[in-house]
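> here is a sequence with its predicted model. Questions after.
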Protein chains: 2
Amino acid sequence: MSITQQEANFSRRFDADIVQNPVFTGVERAILEQRLPPGTRLAETDLAEFYGVSRTIVRTGLQALAHSQLVTLRPNRGASVANPSPREAREVFEARELLEPRSAREAALRANRADVRALRLHAQEEHAAMANNESGRALRLSGRFHVMIAQIANQRTIAEIIENLVSRSSLIIALYWTRSSTRCDEGCHNALIDALERNDAGEAEELMRSHLVELHSALRFEVGPSSNLTLKDMLS
Amino acid sequence: MSITQQEANFSRRFDADIVQNPVFTGVERAILEQRLPPGTRLAETDLAEFYGVSRTIVRTGLQALAHSQLVTLRPNRGASVANPSPREAREVFEARELLEPRSAREAALRANRADVRALRLHAQEEHAAMANNESGRALRLSGRFHVMIAQIANQRTIAEIIENLVSRSSLIIALYWTRSSTRCDEGCHNALIDALERNDAGEAEELMRSHLVELHSALRFEVGPSSNLTLKDMLS
DNA sequence: GCCTGCGCAAATGTATACAACCGTTGACGG
DNA sequence: CCGTCAACGGTTGTATACATTTGCGCAGGC
């Protein structure tokens, strides 16, 4: 196998074709948009019916989600949306605080005009979602923003790790977030884009660090209430 | 769900029951011990026959291995042992250099007598494997040593990330390693244990850093030859 | 009244049958 | 002689049938 082929494989997302598994895609999005709250039972038959596929596909998707730690699988007991403990929540943010500032620094050094434009566009979309009261969508886009920065840094391995941590953060925020608005994000993200545009590595690193610390400090580890919508309601 | 139940789930390995999937276990070990060199084709039927299970189980295991990035799945083309590119190799070691020294520091602060004893025992086993000319086994144990340190640091999230990076390192070493012996490991690992025993955080961090740099610098990115043993030979 | 244990319903776990796809081979035509 | 295309064998992808396990309810006994 040639080097270029290796690169091609590597550039692809690890799951190869999981991305086009409707269960994986749909449930992932629903979790990231907080339509599926932590702890929600994910019965295979229900998902199979909802997406119009066999349980085989459902299982593949659930296993992939379990590997991303968005879903918990217990033998003979089925799947449910992951329910990260306070400890896990803390650790995920600690890991982010370790990895992302350095990633932002590197991104600032490498960011070109196209990168900055893509980020600005993305930030606009995020802003629009917020203005539209689509807070779930806004949250998912906000996470994606962090992933984009990690990708600009051009370290795929670390970017993949960050992608995982970011998606888990959606669950953590669903469980432990106290503030009603994420308005801080807007300013933070824009300031970060500015720093990247100026290729100001030190500033980007520091902005990312403080942004994460702020997010982390807004978590309160108390249990919240649970709703009782049906699975179908939450997916559609 | 109570907090203690959350903790129990969290402490379990992410895959829940994947660990007792014979395909996952067996192929993982064979890869870590370099009996399955990078690029080896992993046909589902062959694995099913070898392990005496159905293709269903084989697929589950292969998917799990793909998530660990030890195996590459290409749609309609099956699985093969991953073949990390030089770029991926470099990135994996960069990530390790970022995470593990800090992990070692934390481990030095937390290591108790039982931890140190377990490490020493493990180092002995590693040494014995080396003396016995079981270089594959020695390599796997050497990786496991790094994972143990990450676990002592008591940051499970980061430890899981490190576990993944370490296992990928086995493939990278198989492809790009130049030195015939890993004798350096012995000394490095023992020195690390000593630092942990003394709770010398700074020394542990520095030892880990230099250990990884040394490993990394021993990689040469040229393509090696491939053997032509049968799949069955390599698994048993 | 509560605890125990049996049995049923419903879910997950596994195997297998069938469908779809890929790579190869061989024949045909240029 | 070489390139192209079609048919075939083999491998993977999906659905479904069957086995196993779990959790609940109900009945019986202590």
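It's in.
> now stretch A:186-205: how far from the chain's centre is it?
Computed by CA atoms, centre = their mean, to the nearest Å, the chain-centroid distance of stretch A:186-205 equals 20 Å.
> meant to ask about stretch A:65-75
Chain-centre distance of stretch A:65-75: 15 Å, with CA atoms, centre = their mean.
> hey, where'd the strands end up in chain A?
Using DSSP state E, the strands of chain A run over A:41-42, A:71-74, A:78-81.
> so which of these comes closest to A:Glu49?
Of all the strands of chain A, it is strand A:41-42 that lies closest to A:Glu49, at 12.6 Å by CB to CB. (Glycine included, C-beta is placed from N, CA and C.)
> quick one: strands adjacent to the closest one?
With DSSP bridges as the test, strand A:41-42 is paired with strand A:78-81 (antiparallel).
> if we can go back for a sec, save the strands of chain A as JSON lines, and put in mean neighbour count, distance to DNA strand C and mean pLDDT too.
Shown next, in JSON lines, are these (neighbours: other CB atoms under 10 Å in any protein chain shown; distance: least, CB to the nearest atom of the strand, whole Å; pLDDT from 0 to 100):
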{"stretch": "strand A:41-42", "mean neighbour count": "17", "distance to DNA strand C": "7", "mean pLDDT": "96"}
{"stretch": "strand A:71-74", "mean neighbour count": "21", "distance to DNA strand C": "7", "mean pLDDT": "96"}
{"stretch": "strand A:78-81", "mean neighbour count": "20", "distance to DNA strand C": "3", "mean pLDDT": "96"}
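> what parts of chain A come near DNA strand C?
Within chain A, the positions near DNA strand C by CB under 7 Å from any atom of the strand are A:42-45, A:55-56, A:59, A:73, A:75-79.
> the biggest helix by length in chain A packs against which elements?
Of all segments of type helix in chain A, defined using DSSP state H, the longest is helix A:86-110. If contacts are counted by 3 or more CB pairs under 8 Å, 6 or more residues apart in numbering or on different chains; DSSP states H and E, helix A:86-110 sits against helix A:135-152, helix A:156-176, helix A:183-197, helix A:201-217, helix B:3-11, helix B:86-110, helix B:156-176.
> point out where chain A drops to low pLDDT.
Under the criterion pLDDT under 70, the flagged ranges of chain A are A:1-17, A:180-184, A:222-236.
> re the thing from before, and the two most separated of the residues of chain A next to DNA strand C?
Maximum distance among the residues of chain A next to DNA strand C (CB to CB): 19.3 Å, for A:Thr56 and A:Arg77.
> who touches the spatially most central residue of chain A in this structure?
Residue closest to the mean C-alpha point of chain A, counted by CA atoms, centre = their mean, is A:Ser167 at 2.5 Å. Taking CB atoms under 8 Å, 6 or more residues apart in numbering or on different chains as the criterion, A:Ser167 is in contact with A:Glu28, A:Ile31, A:Leu32, A:Ser68, A:Leu70, A:Gly143.
> turn those residues into JSON lines, columns for neighbour count.
Formatted as JSON lines, those follow (neighbours: other CB atoms under 10 Å in any protein chain shown):
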{"residue": "A:Glu28", "neighbour count": "23"}
{"residue": "A:Ile31", "neighbour count": "28"}
{"residue": "A:Leu32", "neighbour count": "24"}
{"residue": "A:Ser68", "neighbour count": "19"}
{"residue": "A:Leu70", "neighbour count": "25"}
{"residue": "A:Gly143", "neighbour count": "21"}
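> check contacts around the closest residue to A:Pro37 other than its chain neighbours.
Leaving aside its chain neighbours, A:Pro37 sits nearest to A:Ala174 (5.9 Å; criterion: CB to CB, 6 or more residues apart in numbering or on different chains). Listed by CB under 8 Å, 6+ apart, the contact partners of A:Ala174 are A:Gln34, A:Pro37, A:Pro38.
> closest to B:Leu192 out of the strands of chain A?
Among the strands of chain A, the nearest to B:Leu192 by CB to CB is strand A:71-74 (34.2 Å).
> check which helices and strands the closest one sits against.
Applying 3+ CB pairs under 8 Å, 6+ apart, we find strand A:71-74 packed against helix A:55-67, strand A:78-81.
> can you select the buried ones from the contacts of A:Ala174 in ChimeraX?
In ChimeraX syntax, the buried subset of the contacts of A:Ala174 is picked out as below (16 or more other CB atoms under 10 Å in any protein chain shown):
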select /A:34,37,38
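> one step back: for the residue nearest to A:Pro37, give its distance to A:Pro38.
6 Å (CB to CB, to the nearest Å).
> go on, A:Arg168?
On the measure of CB to CB, A:Arg168 and A:Pro38 end up 11 Å apart.
> where do the contact lists of these two overlap?
Common neighbours of A:Arg168 and A:Pro38 (criterion: CB under 8 Å, 6+ apart): A:Ala82, A:Pro84.
> what number of residues lie near the closest residue to A:Ile193 other than its chain neighbours?
Nearest residue to A:Ile193 in three dimensions, chain neighbours excluded: A:Leu119, at 4.9 Å (CB to CB, 6+ apart). Here the number of neighbours of A:Leu119 (other CB atoms under 10 Å in any protein chain shown) works out to 22.
> my read is that A:Leu119 contacts A:Arg144, right?
No: counting by CB atoms under 8 Å, A:Leu119 stays clear of A:Arg144, with 10.6 Å between them.
> rewinding a little: for B:Glu134, find the nearest of the helices and strands packed on strand A:71-74.
helix A:55-67 (30.7 Å).
> which parts of that closest one are buried?
A:Ile57, A:Val58, A:Arg59, A:Thr60, A:Gly61, A:Leu62, A:Gln63, A:Ala64, A:Leu65, A:Ala66, A:His67.
> same question for stretch A:106-117.
Across stretch A:106-117, burial judged by 16+ other CB under 10 Å covers A:Glu106, A:Ala107, A:Ala108, A:Ala111, A:Asp115, A:Val116.
> check contacts around the last one.
If I follow you right, that is A:Val116. By CB under 8 Å, 6+ apart, the contact set of A:Val116 is A:Ile193, A:Leu196, A:Glu197.
> tell me, how many residues neighbour the first one?
Residues near A:Ile193, counting by other CB under 10 Å, number 23.
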